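> need the 3D shape of this:
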Amino acid sequence: MKRSGLTKAFTLIEIATVVIIIGLIFTVVMVNLHPFQAKTRDTKRLSDISQLQAALEMYKRDEAVYPTIITAGQPLVGGIYGKTYLPQVPVAATTPGNSACAAGAAYTYGVKTDGNYQLAYCLETGAGNVAAGTHCATGGKIDDACVYKLTQKVDPGGTNTITDFTIDDNETKAIILLDDGSHNNTMKYTADSGLTWSDTAVINPSYGNTYIVDVAISPDGVYANFSRDEPTSSGNYQIFRSTNSGASFSFSLLTTANITVGCLAIPSTASVNSLIASFGNPKPIFWERSGSSWNQLSTDETPTVDYLKNCTRLTNGIYSVGGQNVGFFASGYYVFKNRSVDGTNILSFASWTSVKDMKFNPSSGYLYIVGSDAGVIKRHLYTTANTITDTGSPSADWKALALGHDYSYMAAAAKETDASGASVYNIYITTDNGDNWTLYKTITNTIPDSETVLGMIANKGNDTFGIVTSGGVYIAGL
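Residues are numbered from 1 along each chain as shown. Here you go, the predicted structure:
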């Protein structure tokens, strides 16, 4: 009997099924492999730090001090005997970037004022007894408290002072306003959490005997506004709107009003004509700009205040134009809730001289407030009646607040004293709506008492924290 030379082949459906199964297996393997890879990198990091610690102790034994600097990838060589203590300083394993570590996080080394060293490193998921996040190794400890310093990144110089500060929801784009003491102003802009600054305006907004009253940037960092006292007419104020975004903001006149501009609040929309402002003459009145006209939003002007200055957003970067919710505005020891200024929407903090800073977390619905006097942080849950509760240490002098860029935390800066009685700035973080505050950074060299704290930069993802004062922008670094 003859046999056929034909053999049975796979059908297209069978081949496709096999490919799909292989793809699913590959996906499952890669998903489960990622945590394993992160754990492997973390284990390698701890090994690197231990190796470095041993080499540093040998260096100090011979040289009497720790090295001033070490360079990743280069040998660690003594200065007196020329002895090599480490053929190559370890290079940190590449970090893809996640909630615990910034992308490309490196080992950071420095010698503190007490002569001990500090070696900062970051773990993605944690290894051994060390949890995920940023840690500092010191002489004898692989997981010691990190001590930070304030490095002044913006120095107005001369008689210039910073008079206003605004930052977007991502805590990366910010504008500061400088005054030279003669009502001549300059605005500077940053797009990297306050590390570098440049002039914002193509058309310089300062000239003559004038000054900018307020400056604001939109929640998404796209648009900016400022208001100024028009030099040719007393009490005549102009509002300018940016016509493009980025470091080269340019501005054009939006409107002129014979009333004091106290606060500019910008919705995160594509419309360049949409904004809400508060005017005082002398009482606060909320207005909305729609197209080319202004619409008054509030009618009750009680209580009497000069004008509203502090602002914070009520919803996730969007103001409700047709509804009731446009934000919180503060003046004196009052906080005005919603856009309606009436008795049911006023939060009073009479125990303070004034409200110093406030931030709203749209994810949790909590508003956090600090005052000009030392004491607790106040919090208010927007969805409830006007109930105010205390949170945070009652002994701390709370200076400023910052909303985490992903709304997962709130940060607060407090001026306190350490065990030796020296003044320090401590950065606290809460992830549970203020029920608990955890110390995140301690900053040893303090800000001069003569400088007024205006605000705070907090970007935990990039591990960048800064304090904005009338004298400069200070970034906390190792």
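> so the protein: which segments form each domain?
14-145, 150-477 (automatic domain parsing).
> worst average pLDDT in those?
Here the domains of the chain differ in mean pLDDT, and the lowest is domain 150-477 at a mean of 76.
> tell me the most buried of the domains of the chain?
Greatest average neighbour count among these goes to domain 150-477 (a mean of 19), per mean count of other C-beta atoms under 10 Å. Heads up, the C-betas are built off the backbone N, CA and C, glycines and all.
> can you get me the start-to-end distance on it?
One end of domain 150-477 to the other measures 6 Å (C-alpha to C-alpha, to the nearest Å).
> surely residue 124 touches residue 42?
Yes: contact criterion C-beta atoms under 8 Å: residue 124 and residue 42 qualify, at 5.8 Å.
> quick one: the helices in this structure?
Taking DSSP state H to define them, one finds helices in the chain at 12-63.
> state the phi and psi torsions of the nearest residue to residue 180 once chain neighbours are set aside.
Excluding the flanking residues, the one nearest residue 180 by C-beta to C-beta, 6 or more residues apart in numbering is residue 160, at 5.1 Å. In terms of degrees, to the nearest 10, the main-chain angles of residue 160 are phi -70, psi 140.
> show me what contacts residue 160?
By C-beta atoms under 8 Å, 6 or more residues apart in numbering, the contact set of residue 160 is 178, 179, 180, 181, 186.
> quick one: which of these is nearest residue 440?
Within the contacts of residue 160, the smallest distance to residue 440 is 29.4 Å, found for residue 178 (C-beta to C-beta).
> quickly list what the closest one is bridged to.
Note on residue 178: beta-bridge partners by DSSP bridges are residue 162, residue 186.
> how close does it get to residue 263?
Going from residue 178 to residue 263 by C-beta to C-beta, to the nearest Å gives 19 Å.
> over to residue 129?
Distance from residue 129 to residue 263, by C-beta to C-beta: 49 Å.
> and if you look at residue 448?
28 Å.
> before we move on, the earlier item: which neighbours do residue 124 and residue 42 share?
Taking C-beta under 8 Å, 6+ apart as the contact criterion, the common neighbours of residue 124 and residue 42 are residue 132.
> measure stretch 147-162 end to end?
Across stretch 147-162, the terminal residues are separated by 27 Å (C-alpha to C-alpha).
> that stretch: how far from the chain's middle?
From the chain centre to the centre of stretch 147-162 is a distance of 17 Å (C-alpha atoms, centre = their mean, to the nearest Å).
> could you do stretch 109-123 as well?
24 Å.
> i'd like the first residue to be 4 from this point on
Let's use 4 as the start, then, which means that last one is stretch 112-126.
> contacts for that stretch?
Contacts for stretch 112-126 (C-beta under 8 Å, 6+ apart): 45, 48-49, 51-52, 55-56, 59, 68-73, 95, 98, 103-105, 108, 110-111, 133-142, 147, 149-150, 447, 466, 481.
> same thing with stretch 150-159?
Contact partners of stretch 150-159, identified using C-beta under 8 Å, 6+ apart, comprise 115, 121, 139, 165, 179, 181, 191, 197-200, 428, 444-450, 468-470, 474-481.
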